[in-house]
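Sharing a model that was predicted from the sequence below.
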Amino acid sequence: MDKNIRTKAIVIVATILICIYGIIGLPTSKEQLNQNVANSIKLGLDLRGGSQLVLQVQVQDAFKADADQGIERLKDEMLKAGIAYVSLDRNDPATIEDADKIHINVKGIPVDKTAPFRELLQLKFSNWQMASMGSADYRLTKNTTESLTMRRDTVTRSMRTIENRINGLGLAEATVQQRGNGEANPEILVQMPGVDDPARVKALLQAAAKLEIVEVKDGPSPSEEALRAKSGGILPLGTRPIQQASRPGDQGESWYVASRSAVVTGQDLRNARPSQDQMGKWETSFVLSPDAGKRFGRYTESNVGNKLAVLLDNKARSVATINSKIEDSGVITGAPSQQEASDLALVLTSGSLPAGIVYLEERTVGPSLGADSIRDGLMAGAVGVGAVVLVMLVYYKKAGINAVLALILNAIILIAVLAYFGAVLTLPGMAGIILTIGMAVDSNVLIFERIREELRHGKGVLAAVDAGFGKAWWTIVDTHVTTIVSCAFLFIFGTTAVKGFAITLVIGLIANVFTAVFVSRAIFDWELSGKEQPTTLSI
Amino acid sequence: MELFKNTNFDFLGKKWPFIIASLVLTVAGVGSLIIKGGPLYGIDFKGGTVTTVRFKQAPNEDQIRKALAAKISGEIVVQQVTGQNEVIISTDLRDEKELNAARAVVFDTLKSTFGSQAGGKEDINLTTQAALADRIRGPLASAGGSLTEPQLQELVKDILAFRNSAPRSGLLGNKNVTPQVINVLKQETVTGPYTIRGFDLVGPKVGKELQTQAFSATLLALLGMLVYVGFRFEFIYGLAAVIAVFHDTIITIGLFSLLDKEVSLTVIAALLTLVGFSMNDTIVVFDRIRENLPQMRREKFDTVVNLSINQTLSRTILTSGLTFLTALALWLFGGQVLNGFSFALVAGIIFGTYSSIFIAAPILIYCREWMENRRKDGGTPAPTVAAGKTKSSK
C-alpha cells in the first residue's frame, strides 16, 4: 500500500514539475520570471490588440496573364511561320473557381496551313492542349496538372511577396499563413500584433506594383480617341495607349503611344528607396541589376533624343527625353509624401504580385479593448472558480480540499500543455479555461456522490472509496467523450478564436481524467493510509 | 452537507406540465425564427462591419444611425454598451464591391459627424503612431525641441500607451517630455470627443460559407452523440438522448431569436459545447438505469427510470450547478465580447439539465413501450434493454 502511494506521489510531483517548468522555465530573477511567462503564454490578437486580414488570391488573374502571354507569343510565332489567322483571343474567367476554364480561341486558320499550325503548337506550345472547333477554328486549353501547378505557384508566390512586404514594414511579430486548402480556396491570413490601423498595410499589400520602362512613340494627346485619330484610327503594331497618372494641378488627361514590350521591368530592380529631388519633393529612386543596367545602358545610348516613360501599374508616372546614356538607375516621381515614396520603394523591391488580392475579412482590436478583455476574462475566472471552490469546500468538507487540489493541478496541466504546444490564448480560450474548471469539478462530484451512496449502504470507508472511483469511472469517460466529440466539430471552422476555445476545452477535459481520477484517488489513499481501520471519512 | 438525500419525487408522473412547457418554448422559438426569417446572424455569418466607438459624453444613438444611413444602405444597428459611453455600430455589407471602401465610409462619417471641430489639428484620440510622429516632427524641430527619431518614436509611443491605459490616471513619465513637446502638442493636436476601439469587417461571401459550416457542424455533433450513446448503451437510449439535446439546441436558438440577440460564431461554439455537455446528465441517469435494471426485473420500467432519476438527482443538480456557476460568472463579468457566448451557455445548461429528466427519460420509456407492444403484436423481438456493453470496472 505504502509503496503504491509513493509511486503515485512520484508521478504526480513529476507532472507538476514538468508543467511548472513548461510555464515559467528556470527563472533566476523576477523579471526573467515575468519574461518566461509572457513567452510561454502567447496572447491572441483579441487580447493584446492588433489587426488581422484575410485575403484571397485572385488566381484567375494569373491564368489570364499567362493566356495573354501565350497569345502574344503565338502571334509572333505565327507571323514567323507565315500562318495567317482571323482572330486570336481568350475568354475572361471572372471567379477563382472558373480559372481552370481559361482558353485561347484561334479563329480562321487557312485550311492549307492546318498542318504547320498543329506542328507549331506541338513544338512550342506543348503546355496548351488543342481542340479543333470546326474546320478553321481551334481552342487551346490547359490540362489539369498544369492548372493545379499554376494555382499552387500563384498562391505561393503571392504569399512570398506579402511576407516580403510585411517584413519590409518592420512588423517583426506579424505572421503570414495559408488558410483553408490551397487550391480550391486560396486564402491567406495575415496577423499583425500591435497594428491598430491596417489601412496603410492593406493598400501596401494590394499594390500590384508592376514597374516597366517603355519607349514612347507618340504623344501627348488629351484623350485616347485623339491618340488613335492621330495614327488613323488604329495604333501601330506592337504599341499600346498609356495614360499619364494624374497629379495635383493637372489640366485634363494626357495620353501617349508606348511600345508594348518593356525595356526594363520590375524584375530587373536591385534596390529602391525614397529620396528627394532638388525641390525637396519626394520620389522613389531605384537601381537596376548589373545585367539590366548594361541592357539599359546600351538601349539609352542608341536612343538619345527619344522619349521613355516609367510605368507603374500601366500608368505613366513620368515621361522624359533621353539626354544621354543612362546606366543603372532611375526615379519614379510624384509621391505626395515621404511615406508613399518609401511604401512604393518597398513594394518595388518585394516583387510584384502574380494575381490581384481581395480582402475578405479585416479585424482590428485596439489595445485598450484588448486590455479590457483580459481584465474581464480574469474577473470572470476569479468569480467563477472562486464560487466553484467555495461550493466544493462547504458541500464536501475535507474531500472538497481534495477536489480543489485536483482542480488546481488540472488548470496547471492545461496551461502547461498550451505553452508546450505554443498555442495562442484568445478570449474564447480564456472562457474555455474557466468553463473547463466548471466541468472538471463534475468528475469529482460524480465520484464523491457515489462514495457517499456506498457509505449510506453501509460499506466501510476503504470499500466505499474503492467502489466510488470504480463505478464512476465509465460515467466519467462517457461524459468526457461526448463533450470532446462535440467540441471536435469546432475545428471545422478556420477561425483562430473558436479553435482556441475548442483546444483549451479538449486539453482541459483530457487532463481532467488524470487529475480527477488518478490524483484525487492518490490523495484519498494517502489520507486513509495513516489510519489502521478508518471508520469516518469527511465527505 | 447534503441537499438531496433519499428523495422520492414522482418525476415521470409530473412530466406533462414540463413537456407542454417545452413544446410552448419550442413553438415560440421556431415561430420567432420563421417570422424573422432565420436567426439574427452576427457579422461572422452575414458579412458587414462592426465598429466599437467610445465617446467622452453619452453618445446620441439616433444621430449616429442617421449620419450612417445617409452613406450606407441596409440596416444599421447602434447598440449601447451598458454602463459605458460606448456604442457598437453594425452595418450591412451585401456587395463584395463595397468591401474595400466600407471602413473608410464608417470612419469618415463618424469623423464628419462627431469629430473635433478644431480645424486641421491632429486628433490624439484617433491618431496612429506614424501619423502623430509625422505631425509633430517638423514643428518640434522648429520650436527648438528637436528629438532624434528613436526619441520621437518613443515619445509618441508613450503618449499613445498613456491614452490606451485603462484608468488613464498616470502621469506622462517620459524623459523626453520637454516644454517644447508640450507646446507643440498643444498647438498641433486636440483630444477629440471619441475614439475607435475596434473594427471588424467580414465580406458577405465568407459569411455564407460559415452559415453552412455552422449548420453542418451542429448536425454532425448531434449525429456523433447518437452514434456514441448508441454504441455505449443501445440505439433507443442514443435516440432519446439526442432528441433531448436537439430540444435544448432548438430552444436556445429560439431564445436568441425571441430576445433579438445576435448569433455569432462564438455562440455556435457555445451550442456545440452544450450538445456535449447536455449529454452528461442524460448519461448519468441512463448509466444508473442500466445498473438498476438487472436488480429490479419485477418492477415496471418507468418505476426503474423514476428511481434512477431520484438516485442521481443530487449528482445532476450539483454537476450542472457548478458548471452553471462558471458560465454565469462569464456572463456577468466576462465583458461585452463574450456576452452572446456566455448567455447561450447559461440558458443551455438550464435547458440541458431539465431536459435530461423531463424529456430524455419519458422518450426512453415511450420508445421501449412502443418496442414491447410491437413484440407483443408479433413483430420482431426487441433486444433486451439491460444488455449494457460495458459494466463498471474496478
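On my side now, so go ahead.

which stretches of chain B have low pLDDT?
Chain B contains residues with pLDDT under 70 at B:117-119, B:145, B:166-178, B:378-394.

Using the record's assignment, carve it into domains.
Segmentation of chain B into domains, based on automatic domain parsing, reads B:15-41+B:203-376, B:50-201.

can you tell me which of those comes nearest to A:Gln177?
Across those, A:Gln177 has its closest neighbour in domain B:15-41+B:203-376 (16.8 Å, C-beta to C-beta). From N, CA and C alone the C-beta is placed, and that goes for glycine too.

Any idea how far apart the tips of the closest one sit?
Counting by C-alpha to C-alpha, to the nearest Å, you get 26 Å between the two ends of domain B:15-41+B:203-376.

re earlier: distance to chain A and mean neighbour count added to the domains of chain B, as TSV?
Shown next, in TSV, are those (distance: least, C-beta to the nearest C-beta, whole Å; neighbours: other C-beta atoms under 10 Å in any protein chain shown):
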stretch	distance to chain A	mean neighbour count
domain B:15-41+B:203-376	3	20
domain B:50-201	4	16
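
a markdown table please, covering those domains and showing distance to A:Glu449.
Compiled in a markdown table, these are given as follows (distance: least, C-beta to C-beta, whole Å):
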| stretch | distance to A:Glu449 |
| --- | --- |
| domain B:15-41+B:203-376 | 5 |
| domain B:50-201 | 39 |
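
Nearest to A:Leu537 among those would be which one?
Nearest to A:Leu537 among these is domain B:15-41+B:203-376; the distance by C-beta to C-beta comes to 17.1 Å.

and A:Tyr256, which of the domains of chain B is closest to it?
Among the domains of chain B, domain B:50-201 sits nearest to A:Tyr256 (C-beta to C-beta), with 29.0 Å.

Just give me how far the closest one sits from the chain centre.
The chain centroid and the centroid of domain B:50-201 are separated by 29 Å, computed with C-alpha atoms, centre = their mean, to the nearest Å.

First-to-last residue distance for that domain?
With C-alpha to C-alpha as the measure, domain B:50-201 spans 7 Å from end to end.

helix, strand or coil for the residue nearest the centre of chain B?
For chain B, B:Phe341 is the residue whose C-alpha lies nearest the centre (C-alpha atoms, centre = their mean; 1.7 Å). Judged by DSSP: H, G, I helix; E, B strand; the rest coil, the three-state class of B:Phe341 is helix.

Figure out the helix or strand that the nearest residue to it once chain neighbours are set aside lives in.
Closest residue to B:Phe341 apart from its sequence neighbours, by C-beta to C-beta, 6 or more residues apart in numbering or on different chains: B:Thr266 at 4.0 Å. Here B:Thr266 sits within helix B:265-292, counting by DSSP states H and E.

now that helix, how far from the centre of its chain.
Taking C-alpha atoms, centre = their mean, one finds the center of helix B:265-292 at 19 Å from the center of the full chain.

all helices for the stretch 101-250 of chain A, in order.
Along the stretch 101-250 of chain A, counting by DSSP state H, counting those that start in this stretch, helices occupy A:114-124, A:144-168, A:199-206, A:224-230.

what do you get for the stretch 1-150 of chain B?
Taking DSSP H, counting those that start in this stretch, the helices of the stretch 1-150 of chain B run over residues B:15-35, B:43-46, B:61-69, B:99-114, B:129-142, B:149-164.

okay, the residue of the stretch 51-200 of chain A at minimum distance from chain B: pLDDT?
Nearest residue of the stretch 51-200 of chain A to chain B, counting by C-beta to the nearest C-beta: A:Asp197, 4.3 Å away. In this model, A:Asp197 is scored at 79, pLDDT.

Show me how chain A divides into domains.
Here the domain parsing of chain A from automatic domain parsing is A:2-49+A:366-529, A:60-146, A:212-338.

Which of those domains has the highest mean neighbour count?
Neighbour counts (mean count of other C-beta atoms under 10 Å in any protein chain shown) averaged over each of these peak at domain A:2-49+A:366-529, with a mean of 20.

Give the rounded mean pLDDT of that one.
Summarised as a single mean, pLDDT over domain A:2-49+A:366-529 is 90.

for that domain, how far is the first residue from the last?
With C-alpha to C-alpha as the measure, the first residue of domain A:2-49+A:366-529 is 7 Å from its last.

do stretch A:526-534 as well
Chord length of stretch A:526-534, first to last residue, is 12 Å (C-alpha to C-alpha).

what residues does the stretch 1-150 of chain A put near chain B?
By C-beta under 8 Å from any C-beta of the partner chain, the residues of the stretch 1-150 of chain A that approach chain B are A:Asp46, A:Val54.

just the strands in the stretch 1-150 of chain A please.
In the stretch 1-150 of chain A, the strands defined using DSSP state E, counting those that start in this stretch lie at A:42-43, A:50-57, A:87-90, A:103-107, A:128-132, A:138-142.

in terms of contact count, name the helices or strands touching the shortest one.
Think strand A:42-43. strand A:424-425 (3 or more C-beta pairs under 8 Å, 6 or more residues apart in numbering or on different chains; DSSP states H and E).

Give me the helices and strands touching the strand it packs on, please.
Using 3+ C-beta pairs under 8 Å, 6+ apart, the elements in contact with strand A:424-425 are strand A:42-43, helix A:496-512.

how about the helices in the stretch 201-350 of chain B?
Assigned by DSSP H, counting those that start in this stretch, the stretch 201-350 of chain B shows helices spanning B:204-232, B:235-258, B:265-292, B:301-311, B:313-333, B:339-355.

how far off helix B:15-35 does the shortest one point, in degrees?
What it means is helix B:301-311. Helix B:301-311 and helix B:15-35 meet at an angle of 80 degrees, taking axes from the mean of the first three to the mean of the last three C-alpha atoms, to 10 degrees as the criterion.

neighbouring contacts of helix B:301-311?
Contacts made with helix B:301-311 from outside it, assessed by C-beta atoms under 8 Å, 6 or more residues apart in numbering or on different chains, are listed as A:453, B:7-12, B:285, B:288-289, B:291-293, B:296, B:299, B:316, B:357, B:361, B:364-365, B:368-369, B:385.

okay, the angle between that helix and helix B:265-292?
Interaxial angle, helix B:301-311 versus helix B:265-292 (the same axes, to 10 degrees): 120 degrees.

any idea how far helix B:301-311 is from the chain center?
Distance of helix B:301-311 from the chain centroid (C-alpha atoms, centre = their mean) equals 35 Å.

cool, and stretch A:395-413?
The mean C-alpha position of stretch A:395-413 is separated from the chain mean by 41 Å, C-alpha atoms, centre = their mean.

go on, stretch A:448-465?
Between the centre of stretch A:448-465 and the centre of its chain there are 56 Å (C-alpha atoms, centre = their mean).

can that stretch be found next to chain B?
Yes. Under the criterion of C-beta under 8 Å from any C-beta, chain B is reached by stretch A:448-465 at A:Glu449, A:Arg452, A:Glu453.

Which residue is the nearest non-sequential neighbour of the residue lying farthest from the centre of chain B?
Residue farthest from the centre of chain B, counting by C-alpha atoms, centre = their mean, is B:Gly144 at 54.2 Å. Excluding the flanking residues, the one nearest B:Gly144 by C-beta to C-beta, 6+ apart is B:Gln180, at 6.1 Å.

ditto for B:Ser278
B:Gly352 (3.2 Å).

list the contacts for A:Thr479?
A:Thr479 neighbours (C-beta under 8 Å, 6+ apart): A:Asp442, A:Ser443, A:Leu446, B:Met279, B:Asn280, B:Ile283, B:Val284.

rerun that using 10 Å as the cut-off
Listed by C-beta atoms under 10 Å, 6 or more residues apart in numbering or on different chains, the contact partners of A:Thr479 are A:439, A:442-443, A:446, A:472, A:509, B:276-277, B:279-284, B:287, B:319.

and if you look at B:Met296?
Applying C-beta under 10 Å, 6+ apart, we find B:Met296 in contact with B:Ile289, B:Thr303, B:Val304, B:Leu307, B:Ser308, B:Ala386.
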